[in-house]
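[1] turn this into a model:
(chains A and B)
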Amino acid sequence: MKETVDGKLVVRGATKYYDTKSGPLHAVDNFSMSVADGEFACVVGPSGCGKTTLLWSIAGLHSLTSGDVLLDGTKITGPHPQIGMVFQEANLLPWRTLYKNIALPFEIKRESVPTERIDQLLERVGLGGFGNKFPRELSGGMQQRAAIVRALSFNPSVLLMDEPFGALDAFTRDEMNLLVEEIWIETKKTIVFITHNIGEAVFLSDKVYVMSSRPGRLARVFDIPFERPRSLDLMATKEVFDLVNEIKAEIEHTPSQSASQDA
Amino acid sequence: MVDKELGDKIPEFGKKSSGGGSEVGLSNLSAFSSGPGIRTIGEVLAIVAVAVIIIGGAEFLIWWLKVPQYVMPRPSEIFVALFTDYEFIMPHLGHTLVELFIGYAIGALIGFLLAAVITQFPFVEKIVAPYILMLVTTPMLALVPLLILRFGFGYEPRIIAVALASGPMVMINAATGFRRVDLAKIALARSFGASTFQIFLKIRVPMALPMIIVGLMIGAIFGLLTAVGAEMVGGGFGLGNRLTTFSATLKMPQFFAVILILSILGILIYVTFYLIGKKWASWES
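    Here you go, the predicted structure:
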């Protein structure tokens, strides 16, 4: 059933409760967003505020207690072939080589592996010649590059990225951010990127959605006007500095309804 | 729609959940990852020297203290017996191996399948847990007299005993492996639209593999113990039967020759699974 909605990817009134032993846990509350085709959107918020829950719901990995997610006007009810995911800490399978890791989606879909495309992508992210290495033989940054290749390999139109660079050092993170921007400009994917690093969010996004602490609700949306492609020098300008501080203030001043539950 | 694989769990990563209190088995898998490596000539010499000192020392001490042969034969006598009584020992090795292979194949297969099925249903697991624990802790040798009563003195009671001894060992260790669920990896496979069976094959089995291999190794060693034990209880063939026969007739060199074969068998089992583990499960560490 197709609906006419404004945006490639639309989240409407997403609300999620988990059943836990200590009663229902309110993770996400009435969160809405609309991401245009080819737009780069970031969701920032304190840890444990339900960002990952939101992303899993968009990916069709989790059901929402209420609200819905629409891709091209069609409701998401399960994993969708047009959605690629990049997980926290690369999430490569340690018993498979990089190449076999990237081939996994094709094995599961019972499709032939597009070896040429994978080689090109590996080359593109600077992993040419590393296809036969095991994840443990590579640095965290290289593992995450491979994870990006895996998500891009089957050419989805939407890329969901769940704090992909949270475990990387600051320099590697900058490098990866540049890479992600380049890839986004080249491929024009629609990207929803989750992070708790405000600088990263400002550098990458067209729009930053600020989420309050648990239960996660939309606090404010910031438009990020800077020209593309952006350079790391931009990050040192006063405009960015002010913007980052404004977003930070927004996160800190959002009252938390259930501060006692936060670990 | 609640995802059939992910359920409705809070997405927390990096925490490998491991189930209830019935964890038995070797959890230290580092044995699979660190091999002995290349030895220097000095190390080889030291290894040979120690072997010579132990075997030669035993030879000398037994000779010097005039220990009677029926108490402890000299190593040289054991080696000689191994060759002179070859035809009285080796056919029995064949019998023992037949019992071990068939019983182990049946037991390990059933154990593996039960572990795979049971761990998919936590509720079922809770119900059957005490029976599994009973199977693991009860010495299956105790059933052999009963099995002989029912099946006679042939291969059957021994094969059944081996299967009963090795199966639960494989099962409990494999179950421990299957319980080590990494939600993020299952979510990964699900995001590509993987079915329950695909997740089982491509995520759960590889993740459980290190523990499955440990279970297979322990199961094989328990199988060998039980095969020999069952042969000692009754029936006129097998290495266990040789042990009772040789000791009853005070043929101690032959007795120890059989012991030597059994320890070599045990070492072979260990080395085999060590190599399998090194090949297929060294990603663990």
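[2] contacts and neighbour counts: CA atoms only from here.
    Fine.
[3] quickly list the domain ranges of chain A.
    A:1-82+A:157-263, A:84-155 (automatic domain parsing).
[4] C-terminal to the helix or strand of chain B with the lowest mean pLDDT, what's the next element?
    For chain B, the helix or strand with the lowest mean confidence is helix B:122-137, at a mean of 86 (criterion: mean pLDDT, DSSP states H and E). Downstream of helix B:122-137, the next assigned helix or strand under DSSP states H and E is helix B:144-151.
[5] who touches that following helix?
    B:157-158, B:161, B:230, B:233-234 (C-alpha atoms under 8 Å, 6 or more residues apart in numbering or on different chains).
[6] what residues sit buried inside the longest helix seen in chain A?
    Longest helix in chain A by number of residues, with DSSP state H as the criterion: helix A:170-187. Neighbour counts over helix A:170-187 (16 or more other C-alpha atoms under 10 Å in any protein chain shown) mark A:173-174, A:176-181, A:183-184 as buried.
[7] may I ask you to confirm that residue A:116 belongs to a strand?
    No: looking at residue A:116 with DSSP: H, G, I helix; E, B strand; the rest coil, it is helix, so not inside a strand.
[8] in contact with the closest residue to residue B:105 other than its chain neighbours, which residues?
    Among residues not flanking residue B:105 along the chain, residue B:163 sits closest, at 7.6 Å (C-alpha to C-alpha, 6 or more residues apart in numbering or on different chains). Residue B:163 makes contact with B:103-108, B:223 under the criterion C-alpha under 8 Å, 6+ apart.
[9] check residue A:144 too.
    Applying C-alpha under 8 Å, 6+ apart, the residues contacting residue A:144 are A:89-90, A:164-165.
[10] quick check: residues of chain B near chain A?
    Counting by C-alpha under 8 Å from any C-alpha of the partner chain, the residues of chain B close to chain A are B:1-3, B:6-11, B:184-185, B:187-194, B:198, B:206, B:280-281, B:283-284.
[11] check the residue of chain A found nearest chain B and give its pLDDT.
    Per C-alpha to the nearest C-alpha, residue A:79 is where chain A lies closest to chain B, at 5.1 Å. Listed pLDDT for residue A:79 reads 91.
[12] helix, strand or coil for it?
    At residue A:79 the chain is in coil, as set by three-state DSSP.
[13] also residue A:25?
    Quick answer, by three-state DSSP: residue A:25 is strand.
[14] I figured it was touching residue A:19, is that so?
    Yes: look at residue A:25 against residue A:19 with C-alpha atoms under 8 Å: they come within range, at 6.2 Å.
[15] more neighbours, these two?
    residue A:25 (17 against 13; other C-alpha atoms under 10 Å in any protein chain shown).
[16] across the sheet, point out what pairs with that one.
    Per DSSP bridges, the residues bridged to residue A:25 are residue A:18.
[17] shaky segments in chain B?
    B:1, B:12-38, B:284-285 (pLDDT under 70).
[18] excluding sequence neighbours, find me the nearest residue to the residue in it that chain A sits nearest to.
    Nearest residue of chain B to chain A, counting by C-alpha to the nearest C-alpha: residue B:191, 5.1 Å away. Counting by C-alpha to C-alpha, 6+ apart, residue B:191 lies nearest to residue A:79, which is 5.1 Å off, once chain neighbours are set aside.
[19] check contacts around the one you found.
    So residue A:79 contacts A:59-61, B:190-193 (C-alpha under 8 Å, 6+ apart).
[20] now tabulate the residues you listed in TSV and tack on neighbour count, distance to residue A:107 and secondary structure.
    Shown next, in TSV, are these (neighbours: other C-alpha atoms under 10 Å in any protein chain shown; distance: C-alpha to C-alpha, whole Å; DSSP: H, G, I helix; E, B strand; the rest coil):
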residue	neighbour count	distance to residue A:107	secondary structure
A:59	27	20	coil
A:60	24	20	coil
A:61	29	19	coil
B:190	26	13	helix
B:191	21	13	helix
B:192	23	10	coil
B:193	20	11	coil
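[21] next, count neighbours for residue 2.
    No chain was given, so I picked chain A. Counted with other C-alpha under 10 Å, residue A:2 comes out at 10.
[22] not quite, go with chain B.
    14.
[23] before we move on, the earlier item: farthest pair in the contacts of residue B:163?
    B:106 and B:223 (11.1 Å; C-alpha to C-alpha).
[24] more neighbours, those two?
    residue B:223 (30 against 18).
[25] and the strands in the stretch 51-200 of chain B, which stretches?
    In the stretch 51-200 of chain B, no segments count as strands under DSSP state E, counting those that start in this stretch.
[26] show me where chain B has helices.
    B:41-64, B:75-84, B:86-118, B:122-137, B:144-151, B:155-179, B:183-191, B:196-199, B:205-233, B:239-248, B:252-280.
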